[in-house]
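J.: here you go, sequence then predicted model.
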Amino acid sequence: MMQGNIYSMRETFGRLLADLGDKNKDLIVITADVGDSTRALYFREKFKDRYFNIGISEQDMVNFAAGLAAVGKKPAIVNFGMFLMRAWEQIRNSIARMNLDVKMFVTHTGYSDHGDGSSHQVLEDIALMRVLPNMKVIVPADPKDIERSLPVIINEERGPLYYRIGREYSPPITVGQEYEFKIGKAYVIKDGSDLAIMGAGVVLWDALKAAEELEKLGISVAVINLFSIKPIDESTIEYYARKTGKIITIEEHSIYGGIGSAVAEVTARRYPVPIRFVGATTFGRSARSQRDLLDYYNINYKTIIRETIDLLK
Amino acid sequence: MEKGGGSDGTPISIEELDKLRQVAEKARRNVIKMLFYDQTIHVGSSLSSIEILTTLIFKHIRTDSSLVNKDWLILSKGHAAPALYAVLAEKGYIKEEELWRIQDITGLLQGHPETSIPGVDMSTGSLGQGLSFGIGVATGIKMANGSGRVYVVMGDGEQDEGEIWEAMTHAVVRNLDNLIAFIEMNNFQLDGSTEEIKPKNFLPKVWEAVGWKVLNCDGHDFISITNAINEAHKAGKPVVIFAKTVRGKGFPAIENTHKQRSSPDDARKYLLNA
């Protein structure tokens, strides 16, 4: 969804979620006093009776959603990623343990809340959600990926699901790509044979940029969109491990327990190859833009190029 | 399986009272008997809850095939699971032999309630979570114009959890007249008396100030419990019933102490004498 020339993750998400409320009469949107910032408010504008602002009470929000799911409603929690983690134990002990149909849509993840600083920048959530039995973890790359996946998740998917998006920053990554979203499936957004870059989210823009630069040096690079972090597409990961023999993972998240770890778990079992992990290793800080933070922490195409040249030595 | 009580508003009859007494007595014996098979169960908290659970399950909880027309029972103080299982066994949901396999690796009955166990409406065990879940269920019922009520049983120690505060205000905003919470005041939490760990004496005032209807009962007296529930049904808003109970009630080895556990020897002594 375009806003002038700017694509926005949360705008696309908020508008589309409100649209999906027309057909899904049981869909309920719940937030902890961040309806405006997450764009959950668009749902309220259309369906006031199916919108609940619980106040600044994330633990209560999670178990409230669990209770609604237990009587057959379709609750969608919409919140800042960081502050939903405050209720991780509630997510574990109620939603995941009872395998309830609660969807959690989180915005402002990674460095996307650039100004607010480290307290708001969640770099651990994929790791925390990935370890939970029954939990699915989805990370779209750009607004186009949101348009592909959200209807499927609302209309067809059942059970606990964690869906991670940022705020505004969303360079076009998958525009013009022809694929349909499927849980558990990875997408090859650029093929190549010397090296595979695997990752998810907005940093795939850096993967594509690095691939473009490396092609100029005669290095053929594949870029894989690991849209579905859990379940993960083991066959595609193995296929590219075999084909290229080298992997670089990139994520706007800690390299401990996140997407890189998930890829390494798969290759260790199925076809071990050298892997380099590009991602966060510490807490964030405030900045004027998300892009500044990605560059400051070396989570960018320059690092990928450097690591590639090092790997190919 | 026997049909649920559902005798709304009617005073308790002598026959009913006899029945409740029999069930509770049997459940109390069975909880203590479980000690022969596993000494790690929370006997103290369980014995504190027997009469409340018996009254709810045998007199008030209405069963229905529809999720929104049935009543829900959420044992938020999940460590009292043995009491719930013992009462559910009397109701025919669980085979009595199954009680002796509690916490056995191949057994049905988990150390804390799980929805995989017949008659269990919420998987609990982590304190403070039941009331919020109950608000979700009660809200869902209202949205569907269902007739179900939600009963949440909590402990006094459990009131330390912040989520209770979050839920307390939430239930009032939601105007849930189909939500009835019990807080068992047995004056003990795991490490000692509530008084020395965190005071609880102000709680009724807080709940009332927030906007709940506050009632009191003797949590071991069926008539007192039933009167409170009948009054709760007429309140027109969320109700909390402070139930005075005794931890380890009826089991001299641990009665009115913070102790949860006891020995098979003490259990044998009790079962031979009682």
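T.: Structure received.
J.: tell me the pLDDT of the closest residue to residue A:106 other than its chain neighbours.
T.: Spatial nearest neighbour of residue A:106, chain neighbours left out: residue A:81 (3.6 Å); criterion: C-beta to C-beta, 6 or more residues apart in numbering or on different chains. C-beta here means a position set from N, CA and C on the backbone, and glycine is covered the same way. Model confidence at residue A:81, given as pLDDT, is 98.
J.: residue A:81 and residue B:244, how far apart?
T.: Taking C-beta to C-beta, to the nearest Å as the measure, residue A:81 falls 44 Å from residue B:244.
J.: of those two, who's got more company?
T.: More neighbours surround residue A:81 than the other of residue A:81 and residue B:244, with 30 against 15 (other C-beta atoms under 10 Å in any protein chain shown).
J.: who's the nearest residue to residue A:108 once chain neighbours are set aside bridged to?
T.: Counting by C-beta to C-beta, 6+ apart, residue A:80 is the residue found nearest to residue A:108 once chain neighbours are left out, at 4.6 Å. Residue A:80 has these beta-bridge partners by DSSP bridges: residue A:107.
J.: next one: residue A:134 from residue A:100, what distance?
T.: 9 Å.
J.: which one of those two has more residues nearby?
T.: The neighbour count for residue A:134 versus residue A:100, taken as other C-beta under 10 Å, is higher for residue A:100 (23 against 14).
J.: returning to what we had before: what do residue A:134 and residue A:100 both touch?
T.: A:159-160 (C-beta atoms under 8 Å, 6 or more residues apart in numbering or on different chains).
J.: per-residue confidence for residue 221?
T.: Reading this off chain A. Confidence score, pLDDT, at residue A:221: 98.
J.: my bad, the chain I had in mind was chain B
T.: The score at residue B:221 is 98. That number is its pLDDT.
J.: contacting residues for residue B:257?
T.: By C-beta under 8 Å, 6+ apart, residue B:257 lies in contact with B:44, B:188, B:247-248.
J.: how about 7 Å then?
T.: B:247-248 (C-beta atoms under 7 Å, 6 or more residues apart in numbering or on different chains).
J.: equivalent analysis for residue B:171, please.
T.: Counting by C-beta under 7 Å, 6+ apart, the residues that residue B:171 touches are B:135, B:179, B:238.
J.: how about stretch A:65-83: buried residues?
T.: A:65-71, A:73-83 (16 or more other C-beta atoms under 10 Å in any protein chain shown).
J.: make that stretch B:30-42, sorry
T.: Buried residues in stretch B:30-42 (16+ other C-beta under 10 Å): B:30-35, B:38, B:41-42.
J.: closest to residue A:30 among the residues you listed?
T.: residue B:42 (33.0 Å; C-beta to C-beta).
J.: correct me, but that closest one touches residue B:79?
T.: Yes. Between residue B:42 and residue B:79 there is a contact at 4.1 Å, judged by C-beta atoms under 7 Å.
J.: tell me the confidence at the nearest residue to residue B:258 once chain neighbours are set aside?
T.: Take residue B:258 and drop its neighbours on the chain: the residue closest to it by C-beta to C-beta, 6+ apart is residue B:188, 4.3 Å away. We have a pLDDT of 94 for residue B:188.
J.: so what's residue B:188 up against?
T.: Contacts of residue B:188 (C-beta under 7 Å, 6+ apart): B:194, B:247, B:258.
J.: for it, phi and psi?
T.: Phi and psi for residue B:188, reported as degrees, to the nearest 10, are phi -130, psi 140.
J.: residue B:142 and residue B:177, how far apart?
T.: In terms of C-beta to C-beta, residue B:142 sits 9 Å off from residue B:177.
J.: need the contact list for residue 228.
T.: Assuming you mean chain A. A:138, A:183-185.
J.: hm, I was asking about chain B
T.: Counting by C-beta under 7 Å, 6+ apart, residue B:228 has contacts B:215, B:217, B:241.
J.: right, and out of the residues you listed, which lies closest to chain A?
T.: Nearest to chain A, judged by C-beta to the nearest C-beta, of the contacts of residue B:228 is residue B:241 at 19.9 Å.
J.: my guess is that closest one is in a strand, correct?
T.: Yes. Assessed by DSSP: H, G, I helix; E, B strand; the rest coil, residue B:241 belongs to a strand.
J.: packing partners for the strand or helix carrying residue A:251?
T.: Per DSSP states H and E, residue A:251 falls inside strand A:247-254. Helices and strands touching strand A:247-254, as assessed by 3 or more C-beta pairs under 7 Å, 6 or more residues apart in numbering or on different chains; DSSP states H and E, comprise strand A:195-199, helix A:259-270, strand A:275-280, helix A:301-311.
J.: redo those as a markdown table? Include distance to residue A:109.
T.: Converted to a markdown table, the helices and strands packed on strand A:247-254 look like this (distance: least, C-beta to C-beta, whole Å):
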| stretch | distance to residue A:109 |
| --- | --- |
| strand A:195-199 | 14 |
| helix A:259-270 | 13 |
| strand A:275-280 | 12 |
| helix A:301-311 | 20 |
